[in-house]
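S.K.: have a look at this prediction, sequence included:
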Amino acid sequence: MLVTRYDVVERLEGVEADALAVLVFKGEDIKEVFGGLDAVVGNALSSLSELGSFTFDEGKVEVIYAPSAPFKRLIVVGGGEGKATTETLRVYGGAAVTKARELGVKRLAIHFRCPDSVDTPHKCLEAVAEGASLANYSWSRKSSSSDAKRVEEAFLVGSEPIEGWEDVLRVVDAVADACRLGRDLANAPASEINPATFVERVKEEFKGLPVKMEVLEEDELRKLGMNGILAVGKGSEVRPRLLIIEYKGAGDGNPWYVVVGKGVCFDAGGLDIKPASSMLEMKYDKSGAAYAVAVAYGAAKLGLKVNLAVLAPLVENLPSGKSYKPLDVIKMYNGLTVEVANTDAEGRLILADALAYAAEKYRPAAMVDLATLTGGVIVALGNHAAGLFSNDEELKEELLRLSEDTGERLWPFPLWREYYEDIKSDVADVKNIGYPRVASSIIGAAFLSKFVGDVKWAHIDIAGTAWTQQEGPKKPYYPKGATAYCVRLLLKFLAEREE
Ligand code: BES
Ligand code: MN
Ligand code: ZN
């Protein structure tokens, strides 16, 4: 637990810590808001704005050393101008911790303020603590840990009492731990995580949590006719699996919710092999599965009163003498036949079986899949939003609304009838790609929609946001590597559906 408490303090300048973080908005009267503090640091805070070199843009950071003050260093974070949102506060918490880590700070005090533009202090508290907790993560296998400096303890200090701060911080801690698990699974390279070790690691992590876990191995997959998962998995020495986690927080008679995640532990492309440069990041092609599992973990830790089933089809997409081949025809779990026009469009094949199985078995009230499905979504949206596709307007609107709230941006794409022309096959019910470089993200989603029946379903293409890439997502609460994109969003979605 990083953020342990919320203290009401009369004098900010008396706070004892290795560093104190403050949030300052553009054009703010520093003397008025931080008068006492400014005096203690010899007016260095107000001179930041008077000298004009520091802009107070959102997330910008400056450090003021104050060796004789009880907080030793002041970490000044800009809040930008105009309407502050929960995202402004999340960025603040993240920037404060990121800078504190650079400075080797062990005990960090974070000044808490809640702008008028955010409706409750609880939302503010949650956002600051969330940003701080998410920023305190890093993944490394260096033999010395000195590079991965972490803040050991953070606490919030504010001027007004906040009823129930303990509960807010407890929730934040569980959510951050779920993100930690999602990131750990996604960041691990293929030398550590394959379909077998993914399951082992998950079992280890879920010890003591009230979930039922089932792993369908090759024999069962064959019996069930999950030939999409089996075909993609053929090229690897490690057999494919379907991991199913059931968390029954609402009990019998209440609706199920389903989250499915793409678990391609390494995507070399199969026989339609990728060029080396595109293969380089394909350990992350299991991010969807990692984050779906993280959602189950978070729901169980929080004790949410919902019934949740998480399905993660796990494979490696590798070229070998055993690999599935271009123009193979696969009969899928739901009976549809698929012409494999390209073995690198593998995610949709494994998801299709998992989606069809979940739709039939759970008859869920809503089903969402997370997948690093297409490079095309990066062409369309860059690294600043994930693509959203759905067969249900209400579900789509709900997810869009939540994404504004959690800062995990989503952007909607259409699934018009015309797109389905592109996946018509001469020899099978459907083929797994359309025309090269033509709406590939929509085509991928259209393919998936053929396997969900009448279930309310949304597909989130996180290929551009599952890990930090060239352009982003750049946030101080996203350390390099896996982001756990949409884990917070889906936990919120479930929390709103508690019985
Ligand atoms: N895993 C990739 C998609 C991907 C690309 C994710 C870049 C993250 C970053 C997926 O399996 C894939 O290879 N998609 C192909 C599909 C194509 C063959 C129709 C793509 O998007 O190029
Ligand atoms: Mn691929
Ligand atoms: Zn892939």
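M.R.: Structure received. It should be emphasised that the depicted structure is a prediction, and the values quoted were computed from it without experimental measurement. Ligands and ions are numbered 1, 2, ... in the order given.

S.K.: is the longest helix along the chain anywhere near ligand 1?
M.R.: In terms of residue count, the longest helix belonging to the chain (DSSP state H) is helix 165-187. No. Judged by Cβ under 6 Å from any ligand atom, helix 165-187 and ligand 1 are separated, with a smallest distance of 11.8 Å. Backbone N, C-alpha and C define where each C-beta goes, glycine included.

S.K.: beyond that helix, next helix or strand please.
M.R.: Elements were assigned by DSSP states H and E; along the chain past helix 165-187, the next helix or strand is helix 195-205.

S.K.: burial of Glu163, as a residue count?
M.R.: Here the neighbour count serves as a burial measure; for Glu163 (other Cβ atoms under 10 Å) it reads 9.

S.K.: Asn254 too?
M.R.: For Asn254, the tally of surrounding residues (other Cβ under 10 Å) stands at 16.

S.K.: could you look up the SS state of Val455?
M.R.: Here Val455 takes the coil state, with states given by DSSP: H, G, I helix; E, B strand; the rest coil.

S.K.: host element of the nearest residue to it once chain neighbours are set aside?
M.R.: The spatial neighbour of Val455 that comes closest, neighbours along the chain excluded (Cβ to Cβ, 6 or more residues apart in numbering), is Ala359 at 4.4 Å. Taking DSSP H and E as the definition, Ala359 sits inside helix 347-362.

S.K.: likewise Pro313?
M.R.: Pro313 is part of strand 307-317 when elements are defined by DSSP H and E.

S.K.: how many residues are close by the closest residue to Gly453 other than its chain neighbours?
M.R.: For Gly453, the nearest residue in space outside its immediate sequence neighbours is Ala359; the separation is 4.8 Å by Cβ to Cβ, 6+ apart. Residues near Ala359, counting by other Cβ under 10 Å, number 21.

S.K.: residues making contact with stretch 492-499?
M.R.: The set of residues external to stretch 492-499 that reach it, using Cβ atoms under 8 Å, 6 or more residues apart in numbering, is 250-251, 254, 257, 295, 299, 302, 304-306, 308, 365, 368, 398-399, 402, 405-406.

S.K.: now do 7 Å
M.R.: 250, 254, 257, 299, 304-306, 308, 399, 402, 405-406 (Cβ atoms under 7 Å, 6 or more residues apart in numbering).

S.K.: which ones are touching Ser323?
M.R.: The neighbourhood of Ser323, defined by Cβ under 7 Å, 6+ apart, consists of 234-235, 270-271, 343.

S.K.: helix, strand or coil: sort out it for me.
M.R.: Secondary structure state of Ser323, per three-state DSSP, is coil.

S.K.: and it, how far is that from Gly270?
M.R.: As for Ser323, its distance to Gly270 is 5 Å (criterion: Cβ to Cβ, to the nearest Å).

S.K.: go on, Val438?
M.R.: 21 Å.

S.K.: so which of these two has more stuff around it?
M.R.: Under the neighbour definition other Cβ under 10 Å, Val438 and Gly270 were set side by side, and Gly270 has more, 27 against 12.

S.K.: so which strand or helix has that one?
M.R.: Mapping Gly270 onto the secondary structure by DSSP H and E places it in no helix or strand at all.

S.K.: PyMOL command for the buried members of the contacts of Ser323?
M.R.: Buried residues within the contacts of Ser323, by 16 or more other Cβ atoms under 10 Å, are selected in PyMOL with:
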select buried, resi 234+235+270+271+343
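
S.K.: where does the stretch 251-400 of the chain come near ligand 3, residue by residue?
M.R.: Residues of the stretch 251-400 of the chain lying close to ligand 3 (Cβ under 5 Å from the ion) are 264, 267, 285, 347.

S.K.: just the ones of those residues in strands?
M.R.: Using DSSP state E, the subset of these located in strands is 264, 267.

S.K.: closest to Ala154 among the residues of the stretch 251-400 of the chain next to ligand 3?
M.R.: Comparing those against Ala154 with Cβ to Cβ picks out Asp285 as the nearest, at 33.7 Å.

S.K.: Pro189 versus that closest one, what's the distance?
M.R.: In terms of Cβ to Cβ, Asp285 sits 12 Å off from Pro189.

S.K.: all strands of the stretch 101-250 of the chain, in order?
M.R.: In the stretch 101-250 of the chain, strands defined by DSSP state E, counting those that start in this stretch lie at 107-111, 153-158, 212-216, 241-248, listed in chain order.

S.K.: next, the angle helix 347-362 makes with the very next helix or strand once past the last one.
M.R.: Which is strand 241-248. Later in the chain than strand 241-248, the nearest helix or strand by DSSP H and E is strand 256-261. Relative orientation of strand 256-261 and helix 347-362, computed by axes from the mean of the first three to the mean of the last three Cα atoms, to 10 degrees: 160 degrees.

S.K.: how about the residues of the stretch 201-350 of the chain near ligand 2?
M.R.: Residues of the stretch 201-350 of the chain lying close to ligand 2 by Cβ under 5 Å from the ion are 267, 344, 346.

S.K.: among the residues you listed, who's most crowded?
M.R.: The member of those surrounded by the most neighbours (other Cβ under 10 Å) is Glu346, with 30 neighbours in all.

S.K.: can you name the residues that contact the closest residue to ligand 2 within the stretch 1-150 of the chain?
M.R.: With Cβ to the ion as the measure, Trp139 is the residue of the stretch 1-150 of the chain nearest to ligand 2, at 23.1 Å. By Cβ under 7 Å, 6+ apart, the contact set of Trp139 is 183-184, 187, 481.

S.K.: lovely, talk soon.
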